[in-house]
Each structure stands twice: as structure tokens, then as C-alpha cells.
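Undergrad: Build the 3D model from these lines:
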Amino acid sequence: MSASLILQAALSGLTNGFVYALIGLGIAVIFKGSRIINAMQGEFAVMGALVTVFALQTLQVPYLLAMGGGIVLGAVSGWVIDVLFVRPMTRRGANEESFLLLTIGLAVTLSAATLYFGGRDTHMLPGFGGSDVMEFMGATLPYHAAWLMGIAVLVVVALRYFFTQTLMGLAMSAASADPDGATTTGIHVGRMRSYTFLLGGSIGALAGILVTPLIGMNYHMGIALTLKGFAAAILGGLVNPLGAVVGGVVMGLLESLAVVGVSSGYKDVISLGILIVIMIVMPNGILGRAGRVGG
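TA: Numbering: from 1, shown residues only. Now for the predicted structure:
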């Protein structure tokens with residue numbers, strides 16, 4: 001087993017890990033702001049990516065404008081889901097299990113709608129930097145993968161600043177942690193939850209746009225992205241955006257390094273098996289109890 005092979009696996013794992021981290025970020029943001037586990041986060045990614053593909057290839061709009069359209073669709077979709085489904089259920093006193101079933105049902109519905117409007121084809125987007133790659137000691141890394149990692153880090157830094165240093169972010173956290181207390185201080189709890197879904201939807205769409213140049217996107221990828229993103233968020237502590245990045249990187253590295261010594265068909269078994277062991281040993285996530293309240 002050569003060092004270049006291990007390095008190549010590690011670079012691939014980092015790339016996949018930051019993809020999972022971006023999905024996990026959206027899950028963590030929505031849970032942090034609403035205490036709802038969003039099982040349709042991957043569908044935001046699919047919708048954002050396919051709208052970008054359509055705007056770029058069919059409407060011939062500039063790439064950045066097409067990306068903006070995909071991100072706006074993800075944000076608006078999150079806001080609409082809160083207004084049409086989450087708010088009525090909240091008024092009727094729905095519990096956490098009901099909201100989880102809601103998002104599962106919406107994931108299936110949106111996947112079917114994507115199949116109807118977008119077909120079965122797998123779509124690709126051009127990568128930032130084209131098809132050029134960087135070389136490290138016999139291993140290669142696409143320039144787009146480096147862009148993806150850098151953007152993911154910037155998103156995490158921005159989210160941490162937003163939730164800890166801005167009035168809006170602090171209000172969103174307060175509305176989730178203590179709705180009654182937040183209301184007495186003049187915070188509009190329902191509006192803060194809508195902003196939470198809007199933010200989570202935009203992050204999910206961004207994740208889909210960034211991953212499409214690397215692996216392509218089609219209608220049935222939403223559930224796979226959701227599962228890996230959820231695992232990343234849980235591994236990192238769920239309510240901490242920084243933890244989602246840590247969990248995503250760990251997941252990606254476990255997957256890629258697992259296939260170095262065994263068949264790639266067992267990568268999910270090995271990585272998720274190790275994940276179970278980690279969660280048994282560290283039930284509060286890799287960052288510990290302090291990490292669960294951070295971010």
C-alpha cells in the first residue's frame with residue numbers, strides 16, 4: 001500500500017467530508033433554531049443544483065446568477081415549508097415525531113416532483129477552475145474541491161459569527177431555547193423560525209450546487225445526502241455548526257480510508273459501524289457537551 005494511495009484516499013475523504021458537512025450544517029441550523037430534525041435537507045441540495053443547471057444550460061444565464069437562483073429557491077422553499085406546514089402543526093401542538101414524519105413525507109414528495117420535472121438524468125455543473133487539478137506527492141485534488149472546502153469553512157465562520165454576535169442570530173437561538181421567554185422580550189418566535197428554515201434551505205441549496213461539479217446530481221440523491229449529513233451533524237453534536245464540519249470530515253475520511261484496504265462496497269458499513277462506536281464512547285459528539293451548546 002503506497003503513501004500516494006493513502007494520500008489520495010485522504011484527499012477524497014476530505015472532499016466528501018466537506019460535502020457532508022455542508023448538508024449537516026443545514027440540518028444543525030434548522031434544529032438549532034426550531035428543534036425540528038429536517039429529514040428533507042438533501043432535497044434542498046437537489047433542487048438548488050437542478051435549478052442552477054437549468055438556468056445555466058437552458059436559459060444561458062451567467063454562472064453566478066444561476067447559482068444565486070438555486071440558492072434563492074432553496075431559501076424560499078424552506079420559508080414556504082415553515083409557513084404552510086410547520087406553523088399550522090405548531091399551533092396544534094405537534095410533537096417532535098410529527099415534525100420528523102412531516103419532513104420525511106416532504107422529502108419523498110419533493111423527490112417525486114424532481115423526477116417528474118427533471119427526469120432521471122444525472123446533471124453536472126462546471127467546476128470552479130475548470131477540470132484542472134493540483135498535485136500533492138503523487139495524489140491529485142480538483143481545484144473545485146479546494147474551492148468547496150474553502151467555501152464550507154467560510155460558511156461555518158459566518159454562521160458562528162451570526163449566531164453569537166448579531167441580534168438576529170441571538171434572537172433566533174433564544175426563540176428556540178425558550179419560546180415563552182423570548183416572546184416576553186418582544187421576539188417574534190414564529191418569524192425567527194421562518195428565518196431558520198430560510199437559512200437552512202439556502203445552505204442546503206449551496207451544498208447541492210457545490211457538489212454537482214464533482215459527482216453529478218439527480219432526483220434520488222436527496223436521501224443519500226440527508227443520511228450522510230445527518231450522521232455528520234449527530235457526530236458533531238447536532239446544534240453546533242462547527243460540529244457538523246468536524247463530523248462531516250470524520251465521516252468522509254472514514255469512508256475513503258476504509259476502501260483502501262477493502263472493497264468499496266463495504267465503505268458505508270465500515271464508516272457507519274465506526275460511527276456507532278464513536279457515539280457509544282462519546283454520546284455528546286466529538287466536541288463533547290461543550291460543543292453541543294456552542295456555535
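Undergrad: how many other residues sit next to Leu100?
TA: 14 (other C-beta atoms under 10 Å). Using the backbone N, CA and C atoms, a C-beta is placed for each residue, glycine as well.
Undergrad: Next, the contact list for it, please.
TA: Residues counted as contacts of Leu100 (C-beta atoms under 8 Å, 6 or more residues apart in numbering) are Ile36, Ile37, Ala39.
Undergrad: Adding distance to Leu210, secondary structure and pLDDT, write those out as TSV.
TA: Converted to TSV, the contacts of Leu100 look like this (distance: C-beta to C-beta, whole Å; DSSP: H, G, I helix; E, B strand; the rest coil; pLDDT from 0 to 100):
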residue	distance to Leu210	secondary structure	pLDDT
Ile36	24	coil	87
Ile37	23	coil	88
Ala39	21	coil	91
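Undergrad: got a winner among these for most neighbours?
TA: Busiest of the contacts of Leu100 [other C-beta under 10 Å] is Ile36, holding 25 neighbours.
Undergrad: Surely that one and Glu97 touch.
TA: No - using C-beta atoms under 8 Å, Ile36 is not in contact with Glu97, being 10.9 Å away.
Undergrad: can you count the residues close to Leu167?
TA: Neighbours of Leu167 (other C-beta under 10 Å): 8.
Undergrad: Give me the pLDDT for it.
TA: Here the pLDDT value assigned to Leu167 is 90.
Undergrad: now swap in Ala290 and tell me
TA: Taking Ala290 on its own, its pLDDT is 49.
Undergrad: Can you give me the buried ones in stretch 216-224?
TA: Across stretch 216-224, burial judged by 16 or more other C-beta atoms under 10 Å covers Met217, Asn218, Tyr219, Met221, Gly222, Ile223.
Undergrad: Could you give the separation of the strand or helix carrying the fifth one from the chain centroid?
TA: Just to be clear, that refers to Gly222. Per DSSP states H and E, Gly222 falls inside helix 221-236. How far helix 221-236 lies from its chain's middle: 7 Å, per C-alpha atoms, centre = their mean, to the nearest Å.
Undergrad: Stretch 35-46 now?
TA: Its chain's average C-alpha position is 8 Å from that of stretch 35-46, according to C-alpha atoms, centre = their mean.
Undergrad: which parts of that stretch are buried?
TA: Ile36, Ile37, Asn38, Ala39, Met40, Gln41, Gly42, Glu43, Phe44, Ala45, Val46.
Undergrad: Please apply the same query to stretch 227-241.
TA: Buried, per 16+ other C-beta under 10 Å, within stretch 227-241: 227-241.
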